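# Got a predicted model here, sequence first, then my questions.
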Amino acid sequence: MARLIAIGDVHGYTVALRSLLGLVAPTRDDTLVFLGDYVDRGPDSRGAIDLLIELQQSLSIVPLLGNHDHLFAEICAGRLDLRDEWLRFGGAQTVASYGRVPEDVPAAHLRFLAGCPRYFETEHHFFVHANYDARTSIAEQPGALLLWQSLRDRLPGPHESGKVAIVGHTAQKTGRILDLGYLKCIDTYLYGGGALTALDLTSGELWQVDQAGVRRAA
């Protein structure tokens, strides 16, 4: 049976992502929705994007844009002059991964980021990186909400569509998902020593690994 699987914020931990995918064992019938933040903070942003590009060749994946990805792409394009702030925000690790930025960033990586959508909807769920307005259609959500607003700053109510929201961005420092029924946050603080999480929205099955790719009890 085809599965719908959400995967939380990767943040450059390619070893963890490969291990998690090994546990999930996705097939061509499955849809994998990545909730963004592939770069910054972890040691291998370049490898994480390489792996996602590779996955696109054989699987059905939806890689949402995260705020870290957006900032990285804007800096590479010369549209933002926030380099010093970005380096403190986790960008230093991304520079170490690539070498010179933007000179050593492959064009394929920038095309990948440019193609990342800001939301994805199915019959029963919608997926965004960060947050949403419960009274606004998903297609008309403000960009600042989708990419940047923490759930700790504003916790939304159930969306008017009746669909369940699947989000990342707001790191759950317990290492466990936040499950409010109408909203599930699966950023489980990988970069801070927590876990990378995959959630099968078809069956409810949950997988977690740590930074080294070791499976954790979910």
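The structure has been received and is ready for your questions.

# right, and the helix or strand after the lowest-mean-pLDDT helix or strand in the chain?
Taking mean pLDDT, DSSP states H and E as the measure, helix 83-86 is the helix or strand of the chain with the lowest mean score, a mean of 84. As assigned by DSSP states H and E, the chain's next helix or strand after helix 83-86 is helix 92-98.

# Run through the neighbouring helices and strands of the least confident helix or strand of the chain.
Packing contacts for helix 83-86, counted by 3 or more C-beta pairs under 8 Å, 6 or more residues apart in numbering; DSSP states H and E, involve helix 67-76. Bear in mind the C-beta positions are built from the backbone N, C-alpha and C, glycine included.

# Next, the buried residues of the helix it packs on.
The neighbour-count criterion (16 or more other C-beta atoms under 10 Å) identifies N67, H68, D69, H70, L71, F72, A73, I75, C76 as the buried residues of helix 67-76.

# And the least confident helix or strand of the chain, what's buried?
W86.

# got it, and stretch 107-116?
For stretch 107-116, the neighbour count (16+ other C-beta under 10 Å) marks H109, L110, F112, L113, C116 as buried.

# how about the strands in this protein?
For the chain, the strands defined by DSSP state E occupy 4-7, 31-34, 60-63, 119-121, 125-128, 164-167, 178-179, 183-185, 196-200, 206-209, 215-216.

# And the fourth one, what's buried?
Spelled out, that is strand 119-121. So, applying 16+ other C-beta under 10 Å, buried residues of strand 119-121: Y119, F120.

# Partner strands of it and their direction?
Strand 119-121 pairs in its sheet with strand 125-128 (antiparallel), by DSSP bridges.

# now swap in the last one and tell me
In the sheet containing strand 215-216, its partner strands are strand 206-209 (antiparallel), by DSSP bridges.
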